[in-house]
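Visitor: can't give you the sequence, but here's the structure:
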């Protein structure tokens with residue numbers, strides 16, 4: 001294994017006049033602003049590049065009302081090349097788009113997707129052409145939607161076989177356009193081509209390096225390394241493009257249920273859910 005040197009720059013536990021409560025995800029803009037999904041407070045909290053509070057957006061939404069800019073449980077974030085922020089709500093089942101300043105732009109409703117009992121968008125990835133990939137936790141599927149939210153295709157069903165899922169969660173793409181889906185309760189990552197056709201998998205249930213207990217978060221960096229955060233082993237494993245473990249992180253960090261991650265501009269950002277904090281590390285040697 002190769003060590004990834006990390007030095008803690010700062011952590012964030014509070015946003016505005018309230019502590020974070022079960023934060024779930026993080027994205028970082030091109031200007032270095034940090035957006036955190038504060039799940040239990042139904043808001044997205046925005047910090048500057050040094051962790052200083054800037055503003056927040058979102059408010060509590062009554063079940064079923066789907067008010068623009070309001071959330072039931074904001075769980076997963078994505079950001080596009082224009083720094084527009086997409087917030088997936090596992091309560092309402094919808095995805096909302098905001099500009100970098102937190103102004104509501106539009107809602108992508110999942111209510112009318114055929115065959116869904118209750119859409120739970122637990123993973124979201126925005127592609128270069130403006131289309132999006134969504135992982136649907138409760139329906140054991142993942143979707144590709146066009147820029148207007150229309151379904152292009154859906155893949156998957158409940159089960160343990162190739163291309164089947166039990167609680168799919170995060171979804172990412174690598175530089176070649178391959179799609180990676182975190183299959184939480186099958187304790188694995190499944191890999192698909194750009195059209196959603198099954199290719200391979202890695203992981204599996206276990207407590208040794210290369211296996212997972214309860215994988216919760218996933219991120220693919222510019223080197224096509226796959227970072228997987230495990231909510232039971234409380235560690236992060238870093239896999240190479242060959243899907244072999246290259247590094248492990250977290251045994252000395254006191255993590256509890258890590259999930260959202262970003263690797264960008266020499267920094268590693270990590271959501272530590274049960275410790276209600278965001279950790280920001282500098283990567284590499286001094």
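Guide: Now that the structure is in, tell me what you want to look at. A quick note: this is a predicted structure, and the numbers were derived from the prediction, not measured. Numbering: from 1, shown residues only.

Visitor: part of a strand, is residue 170?
Guide: Yes. Applying DSSP: H, G, I helix; E, B strand; the rest coil, one finds residue 170 inside a strand.

Visitor: tell me the contacts of it?
Guide: Counting by Cβ atoms under 8 Å, 6 or more residues apart in numbering, residue 170 touches 76, 122-123, 135, 181-182, 216-219. C-betas here are computed from N, CA, C, even on glycine.

Visitor: rerun at 6 Å
Guide: The neighbours of residue 170, taking Cβ atoms under 6 Å, 6 or more residues apart in numbering as the test, are 123, 182, 217-218.

Visitor: check residue 118 too.
Guide: residue 138.

Visitor: pLDDT score assigned to it?
Guide: Residue 118 is assigned a pLDDT of 73 by the prediction.

Visitor: and it, how close does it get to residue 148?
Guide: For residue 118, the distance to residue 148 equals 22 Å [Cβ to Cβ, to the nearest Å].

Visitor: next one: residue 85
Guide: 18 Å.

Visitor: again with residue 194
Guide: 20 Å.

Visitor: what of residue 19?
Guide: 38 Å.

Visitor: also residue 214?
Guide: 35 Å.

Visitor: how about residue 178?
Guide: From residue 178 to residue 148 the distance is 25 Å (Cβ to Cβ).

Visitor: and if you look at residue 89?
Guide: For residue 89, the distance to residue 148 - Cβ to Cβ - is 19 Å.

Visitor: with residue 129 instead?
Guide: Remark: distance between residue 129 and residue 148 (Cβ to Cβ) = 12 Å.

Visitor: so between residue 194 and residue 148, which is more surrounded?
Guide: residue 194 (12 against 9; other Cβ atoms under 10 Å).

Visitor: helix/strand/coil for the nearest residue to the more buried one once chain neighbours are set aside?
Guide: Spatial nearest neighbour of residue 194, chain neighbours left out: residue 177 (4.1 Å); criterion: Cβ to Cβ, 6 or more residues apart in numbering. Following three-state DSSP, the label given to residue 177 is coil.

Visitor: do I have it right that residue 177 meets residue 193?
Guide: No. The criterion here is Cβ atoms under 6 Å, and residue 177 misses it with residue 193 at 7.6 Å.

Visitor: where in this structure is pLDDT low?
Guide: 111-117, 285-286 (pLDDT under 70).

Visitor: how about stretch 128-136: buried residues?
Guide: 131-136 (16 or more other Cβ atoms under 10 Å).

Visitor: okay, how far is it across that stretch, tip to tip?
Guide: 21 Å (Cα to Cα, to the nearest Å).

Visitor: now find how far off-centre it is within its chain.
Guide: A distance of 13 Å separates the centroid of the chain from that of stretch 128-136, by Cα atoms, centre = their mean, to the nearest Å.

Visitor: quick one: contacts of that stretch?
Guide: Applying Cβ under 6 Å, 6+ apart, the contact partners of stretch 128-136 are 119, 121-126, 142-147, 168, 171, 181.
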